[in-house]
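[1] next input, structure requested:
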Amino acid sequence: MGDRKAVWGSNTDGTAVVADDVYLEPHVDALKYRYHKFKELKKSIEEHEGGLMKFSEGFKKFGTVKTSRGVTHREWAPGAKEMFITGDFNDWNRTSHPLRKDDFGVWFIEIPNKRDGSPAIPHASKIKLVVVSEGGMHLERIPAWTPFAVQNPETYLYDGVFWDPPTEWKYSWKKGVPTHMKKPKSLRIYECHVGMGSNDPKVGTYAEFAENVLPQIKHLGYNALQIMAIQEHAYYASFGYHVTNFFAVSSRSGTPEDVKMLIDRAHEMGIYVLMDIVHSHASSNSMDGLNSFDGTDHQYFHGGEQGYHTGWDSRCFNYGHWEVLRFLLSNIRWYMDEYHFDGFRYDGVTSMLYKHHGIGMCFTGNYNEYFGLHVDMDACIYMMLANEVIHKGYPESGLTIAEDVSGMPTLCRPVEEGGIGFDARLGMAIPDKWIEILKKLSDEQWDMFDIVHTLTNRRWQENTIVYAESHDQAMVGDKTIAFWLMDKEMYSNMSTSQYPTPIIERGIALHKMIRLLTYSLGGEGYLSFMGNEFGHPEWIDFPREGNGFSYHHARRRWDLAHNEDLRYKFLFRFDAKMHKMASETPFCYPQAHQYVVTQTNEDMVIAFEKGNRLLFVFNFHTSNSYTGYRFGTWWGGKYKIALDSDALEFDGQGRVHHDVVHQTHEEWFNKRPYWLELYVPARTCQVYHCFEPDQKTIDRDGIDLQAERREREADDAALEEITRKFQRAGRS
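    Model (predicted):
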């Protein structure tokens with residue numbers, strides 16, 4: 001085994017990934033071909049464009065660009081017969097400013113400054129292109145590279161906006177705040193939608209989110225923010241996934257300067273910022289977006305059926321086009337350089353990976369599903385290039401997460417090993433499993449083995465971001481976990497002035513257990529959608545004709561979490577305590593120690609070791625509490641409680657004594673060299689920390705308690721410094 005790993009691992013032809021996965025050996029030719037095509041394309045870009053990083057700065061010359069003499073505009077539209085630029089600057093004259101076309105289908109115009117020296121196109125001017133197709137149709141188009149777009153209240157269509165604010169209006173990045181945050185060792189991601197971030201039934205703003213929500217995220221202990229719906233999308237109810245203008249931030253919530261302020265404020269708090277980026281498809285809206293931009297169906301997208309996603313009613317990119325690569329790679333750089341986003345969550349990766357876009361597929365894990373002619377090789381190479389740009393261009397901060405339901409092997413392995421290069425994938429099977437259990441099974445039917453298998457069934461050496469529920473599970477037609485557990489009783493029986501009903505008591509207990517079990521056993525990073533941490537009721541539904549254009553379900557009821565008379569506060573506290581424990585005694589990070597000690601359907605108990613000497617214990621039994629329940633453990637020494645879902649502060653019954661120190665016995669049990677006996681109440685979970693390991697454990701594992709203490713103190717000091725800076729700014 002060692003020789004095999006050494007031989008494969010030293011390969012430089014894209015097959016080093018085989019070292020950790022013997023099942024890849026029959027697909028070596030596919031791996032070699034993919035890596036060869038990546039190297040070939042990268043070399044071509046270097047020869048013709050001056051390198052990948054320069055190639056990905058297309059925004060410096062495409063679109064409307066200010067120069068010392070005026071402005072230039074470049075637009076790729078190979079199928080167009082003529083093109084004109086029009087807007088406020090020329091009183092919307094549709095033919096006065098024609099562009100000329102080069103041999104590569106790129107149109108160009110230079111518009112000089114006015115004679116008095118004033119700008120050719122003033123800041124905030126609305127502009128559009130008039131594209132004349134080969135068939136003679138005159139099409140109004142928003143420039144593909146527009147940095148901002150706003151809706152016309154009369155036509156409801158969007159206009160491009162030339163964004164070049166004067167110095168006094170530009171956002172001034174704060175001194176001492178990093179341009180990009182370093183990648184956290186342990187990712188705790190708070191997924192959010194700014195428009196939904198308001199407590200009131202309306203579209204929330206970037207400024208309101210920075211003022212009202214960011215402090216809550218910091219208080220809870222999340223160290224990363226994942227922002228959805230940043231790219232402009234004409235249809236609000238698409239949740240931001242039907243992008244119309246890729247370089248423009250959504251104008252519903254504010255201006256580009258407001259977005260910069262939000263990200264700067266997050267960085268000031270020590271929060272890493274991920275952008276939920278959509279490069280898998282684009283809106284089929286041709287009036288506001290890229291669809292049929294030059295009058296053809298095959299400019300940015302595949303022509304015919306391959307270019308249309310029937311499940312999403314959207315267009316699928318042709319990643320084999322040179323200018324599509326420039327457009328998408330530059331889109332990454334734009335958000336990292338202009339807005340200081342730190343990394344990306346890539347949406348819809350399954351659709352990108354395969355020519356069938358995953359439609360109608362039920363992936364079984366058979367490797368033939370992942371290699372062959374049905375794979376979109378151009379898309380794979382684009383993602384390899386994108387990961388190269390992000391990781392090589394921003395080595396300390398750049399991080400990428402793939403939303404892939406197929407389980408594609410090598411997706412999250414480094415490009416130089418032959419992988420596609422993502423840092424992690426989303427554990428998408430896990431929330432589906434929880435919803436399936438809550439929908440179909442009684443509590444007595446829960447299968448501990450099935451739950452553990454689902455949580456631990458992930459690819460070796462490929463990191464997983466785990467979550468119990470994201471925005472997907474709460475969309476209209478489904479419900480949050482809290483609502484599945486407690487349903488209509490959340491409207492009437494959440495008051496702390498009365499004893500909880502059996503449904504509320506069960507719901508609060510299981511909500512805590514489900515989230516901690518998912519967090520601790522399911523992956524190498526954790527994610528939660530905003531509001532779900534405190535058991536947000538009901539579902540998500542954006543304003544649309546079917547609901548009378550109501551914002552009632554397109555907001556977050558923060559007042560519930562902060563109402564001392566309601567039980568939501570207990571779930572909010574528990575979430576904060578989980579992250580505090582994860583910060584003090586880490587357990588959810590790449591390569592963390594993990595071993596399932598016991599799982600039993602008879603007792604409905606799950607126990608496992610995880611991370612920095614933590615023993616997690618879960619008792620899902622509806623009524624049986626166990627005294628003196630024996631658990632094996634790898635670490636000998638003294639244990640104390642680190643987290644208890646049954647604590648009174650979390651609306652528990654307080655049955656576990658927190659001042660008790662548990663001493664291990666040196667004897668093999670559960671295939672572990674030590675054991676200890678614990679009291680395990682029904683429907684609760686506890687985490688025990690081996691805070692004082694015995695000498696044998698210290699010697700065997702090379703534990704340096706002083707180094708641990710120094711690292712903990714350094715982390716605490718860094719957190720305190722960030723907090724002080726924030727408080728000095730008067731924003732805490």
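
[2] residue 273 reaches residue 267, doesn't it?
    Yes: at 7.0 Å, residue 273 counts as touching residue 267 under the criterion of Cβ atoms under 8 Å. Placement of C-beta: from N, CA and C, glycine included.

[3] so who does residue 307 touch?
    For residue 307, the contacting residues are 297, 298, 301, 315, 316, 318, by Cβ atoms under 8 Å, 6 or more residues apart in numbering.

[4] do the same with residue 598
    605, 606, 607, 631, 632, 670.

[5] go with 10 Å
    Contacts for residue 598 (Cβ atoms under 10 Å, 6 or more residues apart in numbering) come out as 448, 452, 605-608, 617, 629-632, 669-672.

[6] ok, the residues you listed vs residue 402, which is closest?
    In terms of Cβ to Cβ, no member of the contacts of residue 598 lies closer to residue 402 than residue 452, at 24.4 Å.

[7] name the helix or strand for the closest one, please.
    helix 448-456 (DSSP states H and E).

[8] ok so, going back, which among the contacts of residue 598 end up buried?
    448, 452, 605-608, 617, 629, 631-632, 669-670, 672 (16 or more other Cβ atoms under 10 Å).

[9] quick one, strands of the stretch 1-150 of the chain?
    63-66, 70-76, 80-87, 100-101, 106-112, 126-133, 138-141, 149-151 (DSSP state E, counting those that start in this stretch).

[10] what's the closest non-adjacent residue to residue 569?
    residue 561 (6.2 Å; Cβ to Cβ, 6 or more residues apart in numbering).

[11] measure the one you found to residue 263 for me?
    24 Å (Cβ to Cβ, to the nearest Å).

[12] the two: who's more crowded?
    Using other Cβ atoms under 10 Å as the criterion, residue 561 and residue 263 rank with residue 263 on top: 28 against 22.

[13] now for that one: which residues touch it?
    With contact taken as Cβ under 10 Å, 6+ apart, residue 263 is in contact with 171, 173, 177, 179-181, 206, 210, 225, 227, 271, 273, 275, 335, 339-342.

[14] just say helix, strand or coil for the residue most central in space within the chain.
    Most central in the chain under Cα atoms, centre = their mean is residue 345, positioned 4.0 Å from the mean C-alpha point. State at residue 345, reduced to three classes by DSSP: H, G, I helix; E, B strand; the rest coil: strand.

[15] residues contacting it?
    Here residue 345 is in contact with 189, 191, 226-228, 274-278, 399-403, 422, 424, 426, 465, 527 (Cβ under 10 Å, 6+ apart).

[16] likewise residue 279?
    Per Cβ under 10 Å, 6+ apart, neighbours of residue 279: 231, 243, 246, 317, 319, 324, 327-329, 331-332, 344, 346-349, 352, 379, 382-383, 386.

[17] local confidence estimate at the nearest residue to residue 522 once chain neighbours are set aside?
    Leaving aside its sequence neighbours, residue 522 sits nearest to residue 466 (Cβ to Cβ, 6+ apart; 3.4 Å). Residue 466 is assigned 97 on the pLDDT scale.

[18] from memory residue 466 sits against residue 457, does it?
    No: using Cβ atoms under 10 Å, residue 466 is not in contact with residue 457, being 11.6 Å away.

[19] ok, the two, which is more surrounded?
    residue 466 (24 against 14).

[20] quickly list what the more buried one is bridged to.
    On the basis of DSSP bridges, residue 466 takes part in beta bridges with residue 526.

[21] residue contacts, the residue nearest to residue 376 when sequence neighbours are not counted?
    Nearest residue to residue 376, sequence neighbours excluded (Cβ to Cβ, 6+ apart): residue 355, at 5.2 Å. Contacts for residue 355 (Cβ under 10 Å, 6+ apart) come out as 302, 305, 306, 316, 372, 373, 374, 375, 376, 377, 378, 379.

[22] which PyMOL command selects the buried ones in those residues?
    Buried members of the contacts of residue 355, defined by 16+ other Cβ under 10 Å, are picked up in PyMOL with:
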select buried, resi 302+316+375+376+377+378+379
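
[23] and which of the contacts of residue 355 is nearest to residue 185?
    Out of the contacts of residue 355, the member with the shortest distance to residue 185 (by Cβ to Cβ) is residue 379, at 30.9 Å.

[24] turn the contacts of residue 355 into CSV, including pLDDT, secondary structure and distance to residue 153.
    Listed next are these as CSV, based on pLDDT from 0 to 100; DSSP: H, G, I helix; E, B strand; the rest coil; distance: Cβ to Cβ, whole Å:
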residue, pLDDT, secondary structure, distance to residue 153
302, 97, coil, 35
305, 93, helix, 37
306, 92, helix, 37
316, 98, coil, 32
372, 96, coil, 50
373, 96, coil, 49
374, 96, coil, 46
375, 97, strand, 45
376, 98, coil, 40
377, 98, helix, 45
378, 98, helix, 40
379, 98, helix, 38
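
[25] in a markdown table: the contacts of residue 355, plus distance to residue 647.
    Listed next are these as a markdown table, based on distance: Cβ to Cβ, whole Å:
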| residue | distance to residue 647 |
| --- | --- |
| 302 | 56 |
| 305 | 57 |
| 306 | 56 |
| 316 | 50 |
| 372 | 53 |
| 373 | 57 |
| 374 | 52 |
| 375 | 50 |
| 376 | 51 |
| 377 | 54 |
| 378 | 54 |
| 379 | 49 |
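
[26] what is the nearest of the contacts of residue 355 to residue 539?
    Out of these, the member with the shortest distance to residue 539 (by Cβ to Cβ) is residue 316, at 28.8 Å.

[27] and residue 710, what pLDDT?
    Value for residue 710, per-residue pLDDT: 76.

[28] how close does residue 632 sit to residue 670?
    Residue 632 is 3 Å from residue 670, by Cβ to Cβ.

[29] shared neighbours, those two?
    Joint contacts of residue 632 and residue 670 (Cβ under 10 Å, 6+ apart) are 595, 597, 598, 607.

[30] now, those residues that are in strands?
    In strands, judged by DSSP state E, the following of these are found: 595, 597, 598, 607.

[31] tell me the pLDDT at the last one?
    For residue 607, the model assigns a pLDDT of 98.

[32] is residue 687 in contact with residue 584, as I believe?
    No: if you go by Cβ under 10 Å, residue 687 and residue 584 don't touch, sitting 11.3 Å apart.
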